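In: here you go, sequence then predicted model.
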Amino acid sequence: MAKIEIIESDITKLAVDAIVNAANRSLLGGGGVDGAIHRAAGPELLAECRTLGGCETGQAKMTKGYKLPARHVIHTVGPIWSDGEHDEPALLASCYRECMALAKVYKMQSIAFPAISCGVYGFPVTLAAEIAIKTINECLQDNPYLQNVYLVCFGDAVLKAYNEQFYQLMHDG
């Protein structure tokens, strides 16, 4: 079964089958990880994204990686945190499920996720980490292809929260 690894790194530098972009609904670039991925991939990524017609929250669409070391970019739109009463946890889990489904369809061996919705979208990091790890782990049960799943954290606080959730989920539940 695949190995889940939590790392602090620049997702745009990873040589994996796919990196996941925490995109906005237009898919036309933005701030944070979205902007960094678009800058690193080059203008061809934006040109391909323009052909996709956007993406709904909780869904995912795939493009080529262009100038990135990753072969593909899977764009997913995470929920904006309001109060937890507007399906935010279910929508975030859907982001991970949709990305994992694309990885399976395309027989990918490696994928890297950022902390979806944890930046400007304001999702509580501890809850987001729990959802990410649980959902990925469930999806790995029926994926014979994936060997490595990287949860790429930006900053010490996010890294700490992800490591704590991973340890708790893998050892307690």
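Out: The structure has been received and is ready for your questions. Numbers count the residues shown, from 1 in each chain.
In: how close does the residue positioned nearest the centre of the chain get to residue 96?
Out: The chain has residue 113 as the residue nearest its centroid, 3.3 Å off, counting by Cα atoms, centre = their mean. Counting by Cβ to Cβ, to the nearest Å, the gap from residue 113 to residue 96 is 7 Å. The way it works is simple: take the backbone N, C-alpha and C, and place the C-beta from them, glycine included.
In: overlap of the contact sets of those two?
Out: 132, 136 (Cβ atoms under 8 Å, 6 or more residues apart in numbering).
In: which strands and helices sit next to the helix or strand of the chain with the lowest mean pLDDT?
Out: Within the chain, confidence by mean pLDDT, DSSP states H and E is lowest for helix 156-172 among all helices and strands, at a mean of 90. Counting contacts by 3 or more Cβ pairs under 8 Å, 6 or more residues apart in numbering; DSSP states H and E, helix 156-172 is packed against strand 3-8, helix 125-140, strand 148-153.
In: could the ones you listed be laid out in CSV, adding mean neighbour count and distance to residue 83?
Out: Below are the helices and strands packed on helix 156-172 laid out as CSV (neighbours: other Cβ atoms under 10 Å; distance: least, Cβ to Cβ, whole Å):
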stretch, mean neighbour count, distance to residue 83
strand 3-8, 15, 28
helix 125-140, 20, 12
strand 148-153, 22, 25
